[in-house]
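# What follows is a protein structure lacking sequence information:
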C-alpha cells in the first residue's frame, strides 16, 4: 500500500479538518494529491470533490469533506481517515489496544475541534459569524473559562501519564495524534492569543510537544511551503479579537 | 473474548451516549454490567466511574463517559467502543474496508448527536437550558430547517444506495450502526414530534429500519425492561415543546 498515490479531497482555501490529514501525509512523505487545489481543467478542483459528495462517484458517499481516496476505497471522517492511514504511514502503534487508544485521543481532539468551531458559530454553521456575534461572545466566554482548560488539562495529563514516556501522546514514537495536537496548539494560539498566553504556563508538556512536532524535518519543510495554507477567518480557528478579549473577564 | 464480562460505565439516569453501547450489548445478548447503575455498597455506582475519570485507575484515562472495561482494557468514545465491540458481538462486517465504512457512518451519527445536544445547549454544556433558552430557540430553528433534513436525507440515501440491499445501513446484515440509527429516530421523535411528523414522509427507509430494529427479539425485550431508561430532559434528546414549535415556522 506504500506505493499508492492518495487523493485527498478537502476545501482548497482553508486548513480546516483537512489539515489533520495533510499533516500526517506530509510527515510521512506520502505521495498524495490535494485534489480540490488543482485545476478544474485537469479534472480536479472543487467540482471533482462535489461529484463524490453528490453521490455520483460511489455508493459509499461521504457526508462532508475531508475524504481520502486510496485505490478504490473512499474514506471520510477525519479520525477515520487517520485510523486508516496511521499504520500505512508508520504513524500508529502496532497492537490493537494501543491503536484504539490513539484513535480515542484523536476523537477527543475532534470533539475539541467542534467546540472551537462553535465559538464563532454557536447558532448555525450555515449562517455567517456576523449573524451570531452576540451568541458567539457568550459561547466563547464559556469555552475559554470552562471547556478549553478542561480539554488542555486532560491532554497534558495524557502526556504526563504516558507509561512509555512524555515525549509523545501514545506509545514511545510519533503518531498522527501528536501531529494533530501540534495543529490544535497552533490553531488555538492563532485564534485566542491572549487566552493562550494566560494558559500556556499550565501545559508545558503540550507546548514542548508542539515544538517537537514543528521541528520534524518534513513538517518543518511543509510549514514553510506553499502547500501550508495560512490560518484565516474561513476556517475552524478564527481570530476575532472581540472573542479573545473574553478571556480576560 | 466472547466469554468476557464487559463493564459499561455511564451516567445512571440518562440514555445519553451510553445508550448506543447498551443497544449493541443488549442486541448481542452480551454479558455486561452497567456499573454506575449498581450499588455503591458493592463497589459500583457513580463513584466507581469517577475513579477512572480522575485517572487513579488507569494511565489511559477517558475524557468523559461512556467507557467500557474489557478485561484490562479501558476504551472510551462511543464510536470507538463500538469499533471495538462490533466484531466481538457479531455486529460489524468482516473486511477492513467495510468496517471503516461502518465506523464512518457511526461517526456521522455522532456528529448529529452533537448537533441535537446543541439545540438545547448552544452556549455551554455546563450551563442550564434555562440560561440559554433564547439562543436554543434560534439554534433549533436552524437545526430543524437546515441541518436535520440534510443528515436524514444523507442517511436515507445510504440505505437506498447500499449495494447489498436496503435492509441495513452497511452490508447485508445488522451492524451496530443500525441499532444507533434506531436510537436516533426514536430520540428525534421524542424530542421533536411535530418536526418529525413533517419529515418522516421523506425518509421511509429509515422509518422501516427503525421498526426492523425494534422488532429484533433481544431489542424488543430490552425496550420493555427496566434496563431501558426512559427519555428525559437530562439526556441528549429532550422534549421542550417551545423548541419543537419552531418546526412549523
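Received, thanks. Quantities reported herein were computed from a predicted structural model and do not represent experimental measurements.

# Surely residue A:10 is in contact with residue A:66?
Yes. Using C-beta atoms under 8 Å, residue A:10 is in contact with residue A:66, at 4.1 Å. (C-beta placed from N, C-alpha, C; glycine too.)

# Quick check: pLDDT value at the residue of chain A most remote from its centre.
Residue farthest from the centre of chain A, counting by C-alpha atoms, centre = their mean, is residue A:41 at 29.3 Å. Per-residue pLDDT puts residue A:41 at 96.

# you'd agree it is in a helix?
Yes. Counting by DSSP: H, G, I helix; E, B strand; the rest coil, residue A:41 is located in a helix.

# Residues in contact with both of residue A:10 and residue A:66, list them for me.
When contacts are counted by C-beta atoms under 8 Å, 6 or more residues apart in numbering or on different chains, residue A:10 and residue A:66 are jointly contacted by A:16-18, A:21.

# now for the lengthiest helix in chain A, which elements pack on it?
Taking DSSP state H as the criterion, chain A has its longest helix at helix A:96-120. Contact partners of helix A:96-120 among helices and strands, from 3 or more C-beta pairs under 8 Å, 6 or more residues apart in numbering or on different chains; DSSP states H and E: helix A:78-89, helix A:133-142, helix A:148-161, helix A:176-191, strand B:73-76, helix B:78-89, helix B:96-120.

# how about a cut-off of 6 Å?
Under the contact criterion of 3 or more C-beta pairs under 6 Å, 6 or more residues apart in numbering or on different chains; DSSP states H and E, helix A:96-120 touches helix A:78-89, helix A:133-142, helix A:176-191, strand B:73-76, helix B:78-89.

# Give me the sheet partners of the shortest one and which way each runs.
It stands for strand B:73-76. Applying DSSP bridges, strand B:73-76 is found paired with strand B:67-70 (antiparallel).

# Now do the SS call for residue A:222.
Three-state call for residue A:222 (three-state DSSP): helix.

# ok, back up a step: got the helices and strands packed on helix A:96-120 as a markdown table, with mean pLDDT columns?
Output for these, formatted as a markdown table (pLDDT from 0 to 100):
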| stretch | mean pLDDT |
| --- | --- |
| helix A:78-89 | 98 |
| helix A:133-142 | 96 |
| helix A:176-191 | 98 |
| strand B:73-76 | 97 |
| helix B:78-89 | 98 |
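
# To residue B:147, which of those lies closest?
helix A:133-142 (16.1 Å; C-beta to C-beta).

# low-confidence ranges in chain A?
A:1-2, A:245-249 (pLDDT under 70).

# cutoff 90 now
A:1-4, A:55-57, A:125-126, A:245-249 (pLDDT under 90).

# and the longest helix of chain A, how far from the chain's centre?
9 Å (C-alpha atoms, centre = their mean, to the nearest Å).

# picking up where we left off before, by neighbour count, which of the shared contacts of residue A:10 and residue A:66 wins?
Counting neighbours by other C-beta atoms under 10 Å in any protein chain shown, residue A:21 leads the shared contacts of residue A:10 and residue A:66 with 28 neighbours.

# Return the residues in contact with residue A:107.
Residues near residue A:107 by C-beta atoms under 6 Å, 6 or more residues apart in numbering or on different chains: A:79, B:77, B:80.

# now do 7 Å
A:79, B:77, B:79-80 (C-beta atoms under 7 Å, 6 or more residues apart in numbering or on different chains).

# ok, of the residues you listed, which one's closest to residue A:120?
The closest of the contacts of residue A:107 to residue A:120 turns out to be residue A:79 (C-beta to C-beta; 22.1 Å).

# Show me which residues of chain A are close to chain B?
Contact residues (C-beta under 7 Å from any C-beta of the partner chain) of chain A with chain B: A:55, A:59-61, A:63, A:73, A:75-77, A:79-80, A:84, A:97, A:100-101, A:103-104, A:107-108, A:114, A:122-124, A:126-127, A:135, A:138-139, A:142, A:146, A:154, A:157, A:161-163.

# picking up where we left off before, would you mind listing the buried residues in the longest helix of chain A?
For helix A:96-120, the neighbour count (16 or more other C-beta atoms under 10 Å in any protein chain shown) marks A:97-113, A:115-120 as buried.

# same thing with stretch A:183-201?
A:183-192, A:195-196, A:199-200.

# again, but for stretch A:168-186
A:168-171, A:174-186.

# How about stretch A:200-216?
For stretch A:200-216, burial by neighbour count (16+ other C-beta under 10 Å) applies to A:200, A:203, A:205-207, A:209-210, A:213, A:216.

# Residue A:91 - that's part of a helix, no?
No. Looking at residue A:91 with three-state DSSP, it is coil, so not inside a helix.

# So for it, what's the nearest residue that isn't a sequence neighbour?
residue A:176 (4.6 Å; C-beta to C-beta, 6 or more residues apart in numbering or on different chains).

# try residue A:3
Spatial nearest neighbour of residue A:3, excluding adjacent residues (C-beta to C-beta, 6+ apart): residue A:31 at 7.8 Å.

# wait, that neighbour sits on residue A:5?
Yes. Judged on C-beta atoms under 7 Å, residue A:31 makes contact with residue A:5 at a distance of 4.8 Å.

# Return the member of the buried residues of stretch A:183-201 nearest to chain B.
Among those, residue A:184 lies closest to chain B (C-beta to the nearest C-beta), at 13.8 Å.

# quick one: the closest one and residue A:109 touch, right?
Yes. The pair residue A:184 / residue A:109 is scored as a contact, 6.1 Å apart, by C-beta under 7 Å.

# hang on, the earlier thing: are any of the residues of chain A next to chain B buried, and which?
Neighbour counting with 16+ other C-beta under 10 Å marks A:55, A:60-61, A:63, A:75-77, A:79-80, A:84, A:97, A:100-101, A:103-104, A:107-108, A:122-124, A:135, A:138-139, A:142, A:154, A:157, A:162 as buried within the residues of chain A next to chain B.

# for the helices and strands packed on helix A:96-120, which one sits closest to residue A:234?
Of all the helices and strands packed on helix A:96-120, helix A:176-191 sits nearest to residue A:234, with 12.8 Å by C-beta to C-beta.

# The helix or strand following that closest one - contacts with which helices or strands?
For helix A:176-191, the succeeding helix or strand toward the C-terminus, using DSSP states H and E, is helix A:193-199. Helices and strands touching helix A:193-199, as assessed by 3 or more C-beta pairs under 7 Å, 6 or more residues apart in numbering or on different chains; DSSP states H and E, comprise helix A:241-244.

# any idea how far the helix it packs on is from the chain center?
Its chain's C-alpha centre and that of helix A:241-244 lie 22 Å apart, by C-alpha atoms, centre = their mean.

# residues of it that come out buried?
Here helix A:241-244 shows A:243-244 as buried, counting by 16+ other C-beta under 10 Å.

# what's next to it, contact-wise?
Contacts for helix A:241-244 (C-beta under 7 Å, 6+ apart): A:119-120, A:136-137, A:140, A:192-195.

# Can you give me the distance of the nearest residue to residue A:44 once chain neighbours are set aside to residue A:64?
Spatial nearest neighbour of residue A:44, excluding adjacent residues (C-beta to C-beta, 6+ apart): residue A:38 at 3.7 Å. Separation of residue A:38 from residue A:64 (C-beta to C-beta, to the nearest Å): 20 Å.
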